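A.B. asks: A predicted structure for the sequence below; I have some questions about it.
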Amino acid sequence: MGSKSLSRVDRITYFLLTIVGLISASFIVFISIFIALKGVLPFLTDNLGLGSVSLFKFLTQTVWLNGPTFVSTAYGAGFLIVNTLYIAFLSLLISFPIGVLTALFIAKIAPKKIAGILRTIIELLSAIPSIVYGLVGVGFFLPIIYSLARSFGYSSSGGSGTLATVFVLALMSIPTITSISEVSIRSVDQSIEHASLALGATFTQTRFKITLLAAKSGIFSGAILAIGRSLGEATAVSLVAGNARSGPTFGLFDITSTITSTMLTGLKETQGIDYDIRFSLGIVLMVVILLTNMILNYIKKKVGNVHA
Amino acid sequence: MEPIIKVENLDLYYDKFQALKKISLEIPQNKVTALIGPSGCGKSTFLRCLNRMNDLIEGMRMDGTILFHGEHSESSAYDVIGLRKKVGMVFQRPNPFPMSIFDNVAFGPRQQGEKNKQVLKEIMEKSLKQAALWDEVSDRLSESATKLSGGQQQRLCIARAIAMEPEVILMDEPTSALDPLATQRIEDLIEELKKNYTIIIVTHSMQQAARISDKTAFFLMGEVIEYGNTADIFANPNDKRTEDYITGRFG
Ligand SMILES: Nc1ncnc2c1ncn2[C@@H]1O[C@H](COP(=O)(O)OP(=O)(O)OP(=O)(O)O)[C@@H](O)[C@H]1O
Ligand SMILES: [Mg+2]
């Protein structure tokens, strides 16, 4: 659009929107710089004589801290990255099918009244703060998982661990996936569903082959949002993960820890290198989330655009 | 020859509103029957009775009989899925599925359990050829159907219906969203298709009805005012209202 075609009002609006956009963008820049500046200290300074942390070791090691706190600088977060991605992936395996099927039920199958009630419930569920999900995890999932593990002859740490974390995160993600999928399922053009039925397809075939297909871009967005939430959730996770100090953990009944839970654990009771290193973890977390988002968005584009 | 569809005393209500009143019609096999009439007179409603798409509308009630090959296709015991396989439909607005051209045409057969890629390929090619679309798309079958032009999309929808090898094809104003050239192609196509299929077409164009149909039914406010050979109806209509409508003096 040439600027000649803009009226005076257009130009003022354009200017104001640009300013607002820049301000929002600068918050992100500010936060990133703040975290980054603090987070790079352990690698660049000698940490009050303890020696600097090796970046390579930090990214690849499988023990959070080798040696005593405030003495050693042998921090390692490699296993945390693996745990975090592993847990987010497992929780999506649970929340995705449940969320999408619930959305399909609300949008297409449930009678109007029930659909309305369910929609309200889902909205409420997504408004519940994560600490509450954490408490549900502690009070409800942990005892169950504990006895489940025992019945397999497995001794778990009070039920804490991968499975409990995965369940809590799945529970938290279901409302997100459901509400976003439901909107996109509801906005599917009815005429293609009719076309499918008119071809002699059953309702079930139509819903699964046509409705979900047409809504896939929105459903995918829901999944991306859910993954983002899982990767970044700290409070609930640190209540049920068991806060392992080394890893990675793949066993479902074994204690684990994620980037966020490690950042949070003991944050207020520590100082010096042990404090600063959490900001380094913050950088790692942001990079992990950014990369995951970029990859998923790339896949979404690939998958979503083929025949849209 | 026995009519393929025989409608007797059909009444249809949307809640309290009566959309069809005592319709009786016999649809001849392998002919083109045109349904004409002013907006809201019940043409689409009638068409949707024939493949039971009205079942989807809440509050719809129907009385009377619709015999398809002599069987009560209107009864709740009748196999609706089976009916829709034999009575295909092309909608007013082209509505291809958001998938490839190939997958669009193969969709119907696939839902019936056809998995053999070779068989599907043959069905697809034959259907696209019959729908006069093959030459335009044969080199991009894996591309998205939604990227086709409106006229191509509509022919794809016809191909998609043909792929089910139906006996009857219902068309609800299939050319109303198309330009004259695309309309011409669809009309030529209908001419071709009537050798193998019974076609029932709703149209707002008198010229189109006169050009392509063998039989014409004139609907008015839920009733069939006149039904007969297209040539007769257009040459000397029996009813004054029919005459007014086809000469454009209506309303
Ligand atoms: N789903 C519906 N619910 C209630 N009333 C309906 C519904 N569909 C159609 N009607 C009513 O039934 C009557 C006939 O509608 P129909 O769509 O069959 O007309 P039509 O002849 O196809 O009109 P047009 O030429 O505009 O397509 C109209 O008065 C319409 O308002
Ligand atoms: Mg209509």
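C.D. replies: Received the coordinates, thanks. Residues are numbered from 1 along each chain as shown, chains lettered A, B, ... in the order given. Ligands and ions are numbered 1, 2, ... in the order given.

A.B. asks: wait, isn't residue B:90 in contact with residue B:174?
C.D. replies: Yes - here residue B:90 lies in contact with residue B:174, judged by C-beta atoms under 8 Å, at a distance of 5.0 Å. The way it works is simple: take the backbone N, C-alpha and C, and place the C-beta from them, glycine included.

A.B. asks: Now do the shared contacts for these two.
C.D. replies: Each of B:154, B:158 lies in contact with both residue B:90 and residue B:174 under the rule C-beta atoms under 8 Å, 6 or more residues apart in numbering or on different chains.

A.B. asks: What is the helix of greatest length in chain A packed up against?
C.D. replies: As assigned by DSSP state H, the longest helix anywhere in chain A is helix A:8-44. Counting by 3 or more C-beta pairs under 8 Å, 6 or more residues apart in numbering or on different chains; DSSP states H and E, the packing neighbours recorded for helix A:8-44 are helix A:55-60, helix A:272-305.

A.B. asks: how about these, which one is nearest residue A:150?
C.D. replies: Relative to residue A:150, the nearest member of the helices and strands packed on helix A:8-44 by C-beta to C-beta is helix A:272-305, separated by 33.4 Å.

A.B. asks: how about the closest one: buried residues?
C.D. replies: Under the neighbour-count criterion of 16 or more other C-beta atoms under 10 Å in any protein chain shown, helix A:272-305 has A:273-282, A:284-286, A:288-289, A:292, A:296, A:300, A:304 buried.

A.B. asks: how about residue 169, secondary structure?
C.D. replies: By default, I'm working from chain A. What DSSP: H, G, I helix; E, B strand; the rest coil gives for residue A:169 is helix.

A.B. asks: actually it's chain B I care about, not the one you picked
C.D. replies: Under the three-state scheme (three-state DSSP), residue B:169 adopts strand.

A.B. asks: hey, where'd the helices end up in the stretch 51-200 of chain B?
C.D. replies: Listed in chain order, the helices found in the stretch 51-200 of chain B under DSSP state H, counting those that start in this stretch are B:80-86, B:101-111, B:117-130, B:134-137, B:150-162, B:180-193.

A.B. asks: Kindly provide the distance from residue A:303 to ligand 1.
C.D. replies: 35 Å (C-beta to the nearest ligand atom, to the nearest Å).

A.B. asks: and if you look at residue A:182?
C.D. replies: 24 Å.

A.B. asks: Distance check, the residue nearest to that residue when sequence neighbours are not counted against residue A:196.
C.D. replies: Once flanking residues are discounted, residue A:182 sits nearest to residue A:103: 3.9 Å by C-beta to C-beta, 6 or more residues apart in numbering or on different chains. The gap separating residue A:103 from residue A:196 is 19 Å, by C-beta to C-beta, to the nearest Å.

A.B. asks: more neighbours, the two?
C.D. replies: residue A:103 (29 against 24; other C-beta atoms under 10 Å in any protein chain shown).

A.B. asks: That one is in what secondary structure piece?
C.D. replies: helix A:78-104 (DSSP states H and E).

A.B. asks: what angle sits between the helix or strand that comes right after that helix and helix A:78-104?
C.D. replies: As assigned by DSSP H and E, the chain's next helix or strand after helix A:78-104 is helix A:112-127. When axes from the mean of the first three to the mean of the last three C-alpha atoms, to 10 degrees is applied, the directions of helix A:112-127 and helix A:78-104 differ by 160 degrees.
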